[in-house]
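Chemist: Below is the structure, and that's it, no one-letter string:
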């Protein structure tokens with residue numbers, strides 16, 4: 001199976017040097033890979049491609065690989081990946097389990113005495 005999404009040359013003007021413009025275009029290409037792959041996959045099914053107006057096959061051309069649907073899918077992919085990576089660093093601290101420790105260091109679990117001064121709602 002031919003995957004058009006992976007067809008990329010970093011030296012676009014073939015001058016033997018990589019310019020900042022070509023690096024920027026490569027970054028844009030990397031950003032669009034998830035959406036382009038999804039659109040190209042959906043373009044392989046004629047009924048789905050016709051319903052979503054996708055042109056992403058050898059028979060219809062590859063005009064949709066840089067379309068709005070591809071960009072939305074790529075954005076959702078990269079934002080969800082970023083949120084997942086950020087959540088890895090913010091794991092809550094594990095709660096202390098007192099059952100595995102010495103019984104002399106465990107906190108006392110006693111009921112509050114009835115004459116302890118607290119504000120109680122009167123019903």
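Modeler: Thanks, I have it. What you see is a predicted model; the values in this text were computed from it and never measured. Residues are numbered from 1 along each chain as shown.
Chemist: Now do the buried residues in the lowest-mean-pLDDT helix or strand in the chain.
Modeler: Here the helix or strand of the chain ranked lowest by mean pLDDT, DSSP states H and E is helix 46-52, holding a mean of 83. Buried residues in helix 46-52, defined by neighbour count with 16 or more other C-beta atoms under 10 Å: residue 49. Quick note: C-beta positions are derived from backbone N, CA and C, even for glycine.
Chemist: Output the contacting helices and strands for the next helix-or-strand element following it.
Modeler: Counting by DSSP states H and E, the next helix or strand C-terminal to helix 46-52 is helix 68-88. When contacts are defined as 3 or more C-beta pairs under 8 Å, 6 or more residues apart in numbering; DSSP states H and E, helix 68-88 sits against helix 20-42.
Chemist: Show me what the helix it packs on is packed up against.
Modeler: Helix 20-42 packs on helix 46-52, helix 68-88, going by 3+ C-beta pairs under 8 Å, 6+ apart.
Chemist: Select, out of those, the one closest to residue 40.
Modeler: Residue 40 lies closest to helix 68-88 among these, at 8.8 Å (C-beta to C-beta).
Chemist: in the closest one, what counts as buried?
Modeler: Here helix 68-88 shows 69-70, 73-74, 77 as buried, counting by 16+ other C-beta under 10 Å.
Chemist: Flag the shaky bits of this structure, pLDDT-wise.
Modeler: Along the chain, the parts satisfying pLDDT under 70 run over 1-2, 9, 12, 56-63, 93-109, 111-113, 118-123.
Chemist: try 80
Modeler: Across the chain, residues meeting the criterion (pLDDT under 80) sit at 1-19, 49, 55-66, 89-123.
Chemist: three-state assignment of residue 10?
Modeler: Judged by DSSP: H, G, I helix; E, B strand; the rest coil, the three-state class of residue 10 is coil.
Chemist: which residue sits closest to residue 13, ignoring its sequence neighbours?
Modeler: Nearest residue to residue 13, sequence neighbours excluded (C-beta to C-beta, 6 or more residues apart in numbering): residue 22, at 7.5 Å.
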